[in-house]
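Colleague: pasted the sequence and its predicted model underneath.
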Amino acid sequence: MPISDGSYLPKLPDADHFRSLEWIEKANAPVLAIGKDYACGLVVPPHSHSRTQLWWARSGVVLVYTSGGRWMIPPGHALLIPAGIEHSAEMVSDVRMHSTYIPPEASEARRPLVLEMSPLVGSLIDELIVAGNEASTEKRESLIMELLLTEIPRLSQRPLGLPFPRDRKLAVICRQFVEAPSASASIDAWAASMGISRRSFTRLFRQETGVSFGTWRQQACIFASLPRIADGEPITTVALDAGYENVAAFTTMFRRMLGAPPSVYLRDQRT
């Protein structure tokens, strides 16, 4: 279930959301696409689909939860959720969401995958949503769907899932860190805040997330930097605010995770 530090009561989806879920299960079209806006704090309860879902946040930040991990999806990426996998979601900010549903056999994925969206796939999803809301020829919709099913398997996979722990106390600390990340955060400080030893914390963190504290911290810092870089903030400012000693260290980590330095990544996303 989505985490909460107890400071607020989660908002639940309205009736329209559940009607959409029912429509997804009953529709006959091979590909479905829905565009919706969600308010910050909204929590989508655990559910699953008979179709594979491509969850794409056009803007804002979403945390998606499955039994196998917790995923924070950065701008320009989407989470592919195979059919039958139960998942829930929490809106960390106001979110504009485009969700596409395809036949299970259209993807070989057996676990959630973070994919880098291409301009073509994004445009096809946009067109499919428009076609569903306006008069459109059946042939045109069919061509859009066919090309979309061809292009989704071609999207590049990125190791960008940010696993979140189930342990409530650790999850709260992780959530606070995501809101104000720092590359200088230490294991000792986190262990002390939980009242446990360094060794116990290290073991707990890996058990809960599947990765080391250092790896998780680096991923969280890069994720948090993406919206700021996209907004045009100087890379030097973003790197120093994230706790990196210099821009070179930040750029190295950024390239390792996203396959390109910040300037090239931003140029490609805008293109």
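Modeller: Yep, that arrived.
Colleague: how about the backbone phi and psi for S48?
Modeller: Per-residue torsions, S48: phi -140, psi 170 (degrees, to the nearest 10).
Colleague: then A29?
Modeller: Taking degrees, to the nearest 10, you get phi -60, psi 140 for the backbone angles of A29.
Colleague: that one: how many residues sit nearby?
Modeller: Applying other CB atoms under 10 Å, we find 12 other residues in the vicinity of A29. Every C-beta, even on glycine, is put in place using the N, C-alpha and C of the backbone.
Colleague: host element of R111?
Modeller: Assigned by DSSP states H and E, R111 belongs to no helix or strand.
Colleague: close enough to count as contact, it and P82?
Modeller: Yes. R111 is within contact range of P82, at 6.8 Å (criterion: CB atoms under 8 Å).
Colleague: tell me which of the two has more neighbours.
Modeller: Between R111 and P82, counted using other CB under 10 Å, the more crowded position is P82 (19 against 12).
Colleague: thinking that one is in contact with A109, fair?
Modeller: Yes. The pair P82 and A109 qualifies as a contact (CB under 8 Å) at a distance of 5.1 Å.
Colleague: mutual contacts of those two, please.
Modeller: By CB atoms under 8 Å, 6 or more residues apart in numbering, P82 and A109 have these common neighbours: T52.
Colleague: any idea how far the residue positioned nearest the centre of the chain is from Q218?
Modeller: Using CA atoms, centre = their mean, the residue of the chain that lies closest to the mean C-alpha position is I73, 1.8 Å off. I73 is 17 Å from Q218, where distance means CB to CB, to the nearest Å.
Colleague: tell me the mean pLDDT over stretch 200-208?
Modeller: On average, the pLDDT along stretch 200-208 is 94.
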